[in-house]
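**Q** Structure, please.
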Amino acid sequence: MQKRVLLVEDEPSIRDSVRINLEIENLEVVTADRGDLAIQLVQEQHFDLIILDIMLPEMDGYTVCQAIRLEQEHVPIIFVTAKDTSADRIHGLRIGADDYLTKPFHLEELLLRVHNLLKRSLTPLDPNRSGYQFGPNRINFVTFEAMSLQGPLTLTKKEVQLMKLLIDQRNKVVSRQQMLQLVWGYDIFPSTRTVDNFILALRKYFEEDPKNPKYIRSVRGVGYKFVND
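**A** You can find the predicted model right below:
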């Protein structure tokens, strides 16, 4: 079966050149020139690999990567970007990219990296390894099943995405606006009260004392952070 690649690049000449060379390698390529469109495509279609620029209009590639990781934890992501400092590379890999290639680049090198990641992604995923344990609680990010103080339960997709975002950023403050943008979508902004209501529900599931939370803590005037000491 032909592998599908999502190419997210706002520069037409680079986008067309990379697309043509990927297609020569017998890969099916879908392109996007904006971050919000890329996220929408990931929500609607299956991709075996994503090539992602960082300096995109309106929503940068870092934000897009974080949003994609809430939808697809295991799809390989390659950053291809002009941002070439070691700090840029470290940040990109830390937030979920599998590889990082700076512009200008040799097409042959990009194609080799693409094929290497596609080979690695052929390994079957073990749902039992796609979870997180904190205290007596455990969440499986693939099956949406959880074990809590109340016993077994099935979380909604938004609840899983919100918990995954907080856990991925554990010990760091995540603002309500970040949560709305990454979990609810760039163009679909409910009120910040929506976030608060979801947090209340999650605390009821996972906190021994929801009014004095140990794990999901409030940061007044900003948002929330997940702590697992």
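**Q** And Leu162, how far from Leu155?
**A** 9 Å (C-beta to C-beta, to the nearest Å). Placement of C-beta: from N, CA and C, glycine included.
**Q** now do Val195
**A** Taking C-beta to C-beta as the criterion, Val195 is separated from Leu155 by 16 Å.
**Q** and after the helix or strand bottoming out on mean pLDDT in the chain, which helix or strand comes next?
**A** Within the chain, no helix or strand scores below helix 176-179, which has a mean of 89 by mean pLDDT, DSSP states H and E. Next in sequence after helix 176-179, counting helices and strands by DSSP states H and E, comes helix 192-206.
**Q** average pLDDT for that following helix?
**A** Here helix 192-206 scores 93 as its mean pLDDT.
**Q** list the buried ones in whichever helix or strand comes after it?
**A** Scanning the chain past helix 192-206 towards its C-terminal end, the next helix or strand to appear is strand 216-219 (assignment: DSSP H and E). The neighbour-count check on strand 216-219 (16 or more other C-beta atoms under 10 Å) flags Ile216, Arg217 as buried.
**Q** Walk me through which strands the next helix or strand after strand 216-219 pairs with, and which way each runs.
**A** Using DSSP H and E, the helix or strand that directly follows strand 216-219 along the chain is strand 223-226. In the sheet containing strand 223-226, the strands it pairs with under DSSP bridges are strand 174-175 (antiparallel), strand 216-219 (antiparallel).
**Q** residues in contact with strand 223-226?
**A** 163, 166-167, 169-179, 195, 199, 215-219 (C-beta atoms under 8 Å, 6 or more residues apart in numbering).
**Q** pLDDT averaged over that strand, what's the number?
**A** Rounded to a whole number, the mean pLDDT of strand 223-226 is 96.
**Q** Alpha carbons of it, in CSV - could you do that?
**A** The C-alpha trace of strand 223-226 is given here as CSV (Å, rounded to 0.1, in the frame of the first residue of the first chain):
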residue,chain,number,x,y,z
GLY,A,223,-4.2,28.3,33.8
TYR,A,224,-3.2,24.9,35.2
LYS,A,225,-0.2,22.7,35.6
PHE,A,226,0.2,18.9,36.2
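**Q** chain center to it: distance?
**A** Going by C-alpha atoms, centre = their mean, to the nearest Å, the spacing between the C-alpha centre of strand 223-226 and its chain's C-alpha centre is 18 Å.
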